[in-house]
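Visitor: My questions are about this predicted structure, shown below with the sequence.
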Amino acid sequence: MNSSTQKTTIDSGVLVQKTVYSVLFSIAFAHLLNDLMQAVIPAAYPILKENFNLTFTQIGLITFVFQLTASLLQPFIGFYTDKKPKPYSLVISMLFTIVGLGLLSIASSFWMILVSVAFVGIGSSIFHPEASRVAFLGSGGKRGLAQSIFQLGGNAGSAIGPLLVALIVAPHGQSYVIWFVIAGFLGILILSRIAVWYQDHMALRASKKVSLEEEIVPLSNRKITISIIVLLFLIFSKFFYMASMSSYFTFYLMSKFSMSVQDSQLYLFIFLASVAAGTLIGGPLGDHFGRKYIIWFSILGAAPFTLLLPYANLFWTGILAVVIGIIIASAFSAILVFAQELKPGKVGMISGLFFGFAFGMGGLGSAILGYVADKTSIEYVFGISSYLPLIGILCYFLPNIQKKKN
C-alpha cells in the first residue's frame, strides 16, 4: 500500500480522494486482531473465576482496570496525534497487548491479572485513535461506511475471541492464553504496512498544503457542547448495557438455564456476531438517511427487546440476543462520525474521547453490575440493565447537521 494506490485530484485547493478500500479492510483486519486479543479477557472470566475463586466484584474490578487504562489515555493520545500524527504508534500498541496476554497466561495471583489486563488496556488506548484516523483518511468522504468497516473488524474480533477461548483455553487451561499472541505478531506485520501508507498519505497532504479540517457546522459552541454531551449519554447507555452482556451473559445463561461454560460461550459468540452485523449496517445507513435517525433507532429501538429479555425462555433468549445485538450496535459508527462532524479537524481527539468513554463506561458498568450481582443475583442485574436503552429519548436534543442522500 502506498500513495500511488490512491487517485487524487486538486479542485480549488482541496484534496479530493477516492475511497481506499485496501486500507479500510487492512485497518479493519488489524482491528479484528486487536479486539480478538482483548476479548480473551472477558471470555476467560469463568476460567479465572474458578482458578482463583474470584467474586463477581473482583471480576468487575478486572474489567474496570482494563477499561480504565483503555479509556483514560485515548483522548490525550488523540489530541496529541491530531497535531503530530504517529503512524508507527500502531505497531507499539500491539507490543503492549502481546506483553499483557503473555503475563495473563502465567498470572498466579489476582494482582498479576490486574497488571496483565492493564498492559492490554494501554495497547488499546494507543491503537484506537490512530487507527480510527486511518479509517477517516481512507474514507474518500464515505465516513459512515469507513467507520462501519473499521468497527466491523473490531466487533468480529470480539465475537471470535470467546469462541477461540472456548476451543483453545477452556479445555486446556489458563496457560493456553499464550497462543493468542500469534494474532499480535500478525497485527504488527499488517500495521507496519499501514504505517507506510499513512506516512506517505500525510506527506502527500503536506506537499499539497491541504488542511485536514472539514466544513464548519453552522451551530453555536453551546449547541455543539450540548450535542457532544447528549452523544456521550447515549454512549453511556449503549456500553453500560453491553457490559452486562459481554461480561455476564455467560454467567446469566449458566445460572438461569444451567448451561455449560462452552455452551454459554457459543451464545455469547452469537450475540457478538450479531453486534458485528449491526455495526456494518449502521454506518452506511447513517450516510444515506442521516445519522440522527439511525442513532434514534439504534438506542431507543433496542428498548422493547432488552425489556423482554429477562422474561424469555432459552429459545427466545437466543433470538432476542441477536435482535438486540444488531439494533444496538448500529449506533456507534453513526455517533462517532456525528461527533467528528461537530468538531471538524479534531478526528483523533474525538475518536479518542468516544472510544475512551465507551471503554470507560464498559469498565465502570462491569464493576458496578458485578457488585450488584454479588449483593443480589445475576438475574436481577439483567432486569435493571434492560431499562438503559430508554435513555435514547435524549436523541430529541440532537441537531440535524446532515441531509439525507437520495
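Guide: On my side now, so go ahead.
Visitor: biggest helix in the protein, by residue count?
Guide: helix 221-257 (DSSP state H).
Visitor: what's the closest non-adjacent residue to residue 223?
Guide: residue 399 (6.3 Å; Cβ to Cβ, 6 or more residues apart in numbering). C-beta coordinates here come from the backbone N, C-alpha and C atoms, glycine included.
Visitor: just to revisit the earlier point, the longest helix of the chain packs against which elements?
Guide: Helices and strands touching helix 221-257, by 3 or more Cβ pairs under 8 Å, 6 or more residues apart in numbering; DSSP states H and E, are helix 45-52, helix 56-72, helix 261-289, helix 291-300, helix 314-329, helix 331-342, helix 347-375, helix 378-385.
Visitor: Assign residue 400 to helix, strand or coil.
Guide: Assigned with DSSP: H, G, I helix; E, B strand; the rest coil, residue 400 falls in the coil class.
Visitor: residues contacting it?
Guide: Listed by Cβ atoms under 8 Å, 6 or more residues apart in numbering, the contact partners of residue 400 are 290, 292.
Visitor: neighbours of residue 107, just the number please.
Guide: 21 (other Cβ atoms under 10 Å).
Visitor: Tell me the pLDDT of it.
Guide: We have a pLDDT of 90 for residue 107.
Visitor: you'd agree it is up against residue 116?
Guide: Yes: between residue 107 and residue 116 there is a contact under Cβ atoms under 8 Å: 5.6 Å.
Visitor: which residues touch the residue nearest to residue 343 when sequence neighbours are not counted?
Guide: Leaving aside its sequence neighbours, residue 343 sits nearest to residue 350 (Cβ to Cβ, 6+ apart; 5.3 Å). By Cβ under 8 Å, 6+ apart, the residues touching residue 350 are 78, 336, 339-340, 342-343.
Visitor: run the last query once more with 7 Å
Guide: 339-340, 343 (Cβ atoms under 7 Å, 6 or more residues apart in numbering).
Visitor: any idea how far it is from residue 290?
Guide: Look at residue 350 and residue 290: by Cβ to Cβ, to the nearest Å, they are 19 Å apart.
Visitor: same check, this time on residue 192
Guide: Taken as Cβ to Cβ, the span from residue 192 to residue 290 is 38 Å.
Visitor: between the two, who's got more neighbours?
Guide: A count of neighbours by other Cβ under 10 Å puts residue 290 above the other of residue 192 and residue 290, at 19 against 14.
Visitor: And that one, its phi and psi?
Guide: Recorded main-chain torsions at residue 290 are phi 110, psi 130, according to degrees, to the nearest 10.
Visitor: The closest residue to residue 242 other than its chain neighbours: neighbour count?
Guide: Spatial nearest neighbour of residue 242, excluding adjacent residues (Cβ to Cβ, 6+ apart): residue 362 at 6.3 Å. Taking other Cβ under 10 Å as the criterion, the count of residues near residue 362 is 28.
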